[in-house]
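Trainee: Could you work out the structure for the sequence below:
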Amino acid sequence: MFKTSLIALSVLAITVVATPIAAPASSCAAVHVITARASTELPGEGIIGDVVDTIVSRSSQTVSREAIVYPATLTSYLISQAQGVTAMKARLAAKASACPSTKIVLTGYSQGAHVAGDVLADNAPGTANVVAAILMGDPGHVRGESFQKGTANLLNGLFPRNSGALESYSAKLNSFCDFGDPFCAGGLDTVTHLAYVTKYGTTASTFVLGRIGG
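Mentor: The predicted model follows:
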């Protein structure tokens, strides 16, 4: 199944042209969003950046944003993902230290969701400042979790975390995984894997806006 899924991923081309987004050099916004892009996307936020756009435009607060720098490759996937976890942990800790009153939001798509979920599962420094997180197509998906919002709640992803690893964040977390997704649900439909922003983007942004207080 893993080999089949990697083959499917190798033909997956998320054609979002994104420019790397850097963290603000100074001052602390009320809210800060840290994003990890999907596999094979260009540096930047990638497709899930549309959700962040909505959060920024609809929030009544100041919102800053950044995309972590990591390979996001399919070759040596687990090495790439581990580097993403290290990068997000570093940015999270730095932001929480520099801006202790800032509410932090984590977002990730596909490999990026795997990254963000593992950062939370590790209870990394700064996670106490995280008020919301959005995972879409997470290969670390675990069946039966209370924060699952898609249709594949009875299925595991390619790299399921330990059961209950994210339950302490259940009030802060929405994870979207639909039946048929090769990476979060062991399916065969890459189109499903690409559809989360279109299908659930409004739900995700509304959830975050509620968590940050509008």
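
Trainee: Helices along the chain, start to end?
Mentor: 2-10, 49-58, 77-98, 111-121, 190-194, 196-212 (DSSP state H).

Trainee: any chance of those in JSON lines, with distance to Ile34, mean neighbour count and mean pLDDT too?
Mentor: In this view, the C-beta of every residue, glycine as well, is placed from N, C-alpha and C. Compiled in JSON lines, these are given as follows (distance: least, Cβ to Cβ, whole Å; neighbours: other Cβ atoms under 10 Å; pLDDT from 0 to 100):
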{"stretch": "helix 2-10", "distance to Ile34": "24", "mean neighbour count": "14", "mean pLDDT": "40"}
{"stretch": "helix 49-58", "distance to Ile34": "10", "mean neighbour count": "19", "mean pLDDT": "98"}
{"stretch": "helix 77-98", "distance to Ile34": "6", "mean neighbour count": "18", "mean pLDDT": "98"}
{"stretch": "helix 111-121", "distance to Ile34": "8", "mean neighbour count": "28", "mean pLDDT": "98"}
{"stretch": "helix 190-194", "distance to Ile34": "22", "mean neighbour count": "19", "mean pLDDT": "96"}
{"stretch": "helix 196-212", "distance to Ile34": "12", "mean neighbour count": "19", "mean pLDDT": "98"}
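
Trainee: will you turn these into JSON lines that also has distance to Lys149?
Mentor: Below are the helices of the chain laid out as JSON lines (distance: least, Cβ to Cβ, whole Å):
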{"stretch": "helix 2-10", "distance to Lys149": "22"}
{"stretch": "helix 49-58", "distance to Lys149": "13"}
{"stretch": "helix 77-98", "distance to Lys149": "22"}
{"stretch": "helix 111-121", "distance to Lys149": "13"}
{"stretch": "helix 190-194", "distance to Lys149": "14"}
{"stretch": "helix 196-212", "distance to Lys149": "7"}
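
Trainee: With Val105 as the reference, name the closest of these.
Mentor: Of all the helices of the chain, the one in closest proximity to Val105, counting by Cβ to Cβ, is helix 196-212 (5.7 Å).

Trainee: The closest one vs helix 49-58, what angle?
Mentor: 40 degrees (axes from the mean of the first three to the mean of the last three Cα atoms, to 10 degrees).

Trainee: between helix 196-212 and helix 111-121, how big is the angle?
Mentor: Going by the same axes, to 10 degrees, helix 196-212 makes 30 degrees with helix 111-121.

Trainee: Quick one: list the elements packing against helix 196-212.
Mentor: Contacts defined by 3 or more Cβ pairs under 8 Å, 6 or more residues apart in numbering; DSSP states H and E place helix 196-212 against helix 49-58, strand 103-109, strand 130-136, strand 173-176.
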